[in-house]
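In: Compute the structure for the input listed below.
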Amino acid sequence: MIATKADLSLKEVSTPQNRWCASGHEAPEKFQRNPPNPEELTRFFHVSASDRKVNGTYCELCLIVAGALSRGEVKPL
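Out: Modelled structure (predicted):
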């Protein structure tokens, strides 16, 4: 697989109906963003890329996982 660098644009948006994430799931209402702080509402971001492979509204948790994958901190299954 050849990796390419994409120009990404992220913009925080309102929570979509049913907290639906473009990755295909209903995001949790809250999660613990900064332990040991209490849970906070899940944020959503509209993400678009110059190569148009990525374009949609994604939950904050998916963006955290995608970032960790891109930095090689975790390996895909």
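In: elements contacting the one helix or strand L61 maps to?
Out: Here L61, judged by DSSP states H and E, is contained in helix 60-70. On a contact count with 3 or more C-beta pairs under 8 Å, 6 or more residues apart in numbering; DSSP states H and E, helix 60-70 meets strand 44-49. In short, each C-beta sits where N, CA and C put it, glycine included.
In: Tell me how far the helix holding L61 lies from the chain's centre.
Out: 6 Å (C-alpha atoms, centre = their mean, to the nearest Å).
In: what's the angle from it to strand 44-49?
Out: Using axes from the mean of the first three to the mean of the last three C-alpha atoms, to 10 degrees, the inter-axis angle of helix 60-70 relative to strand 44-49 is 40 degrees.
In: Begin at 11, not 1, for the rest of this chat.
Out: Done: numbering now begins at 11, and the last item shifts to helix 70-80.
In: ok, residues contacting helix 70-80?
Out: 20, 31, 33, 37-38, 41, 43, 52-55, 57, 68, 84, 86 (C-beta atoms under 8 Å, 6 or more residues apart in numbering).
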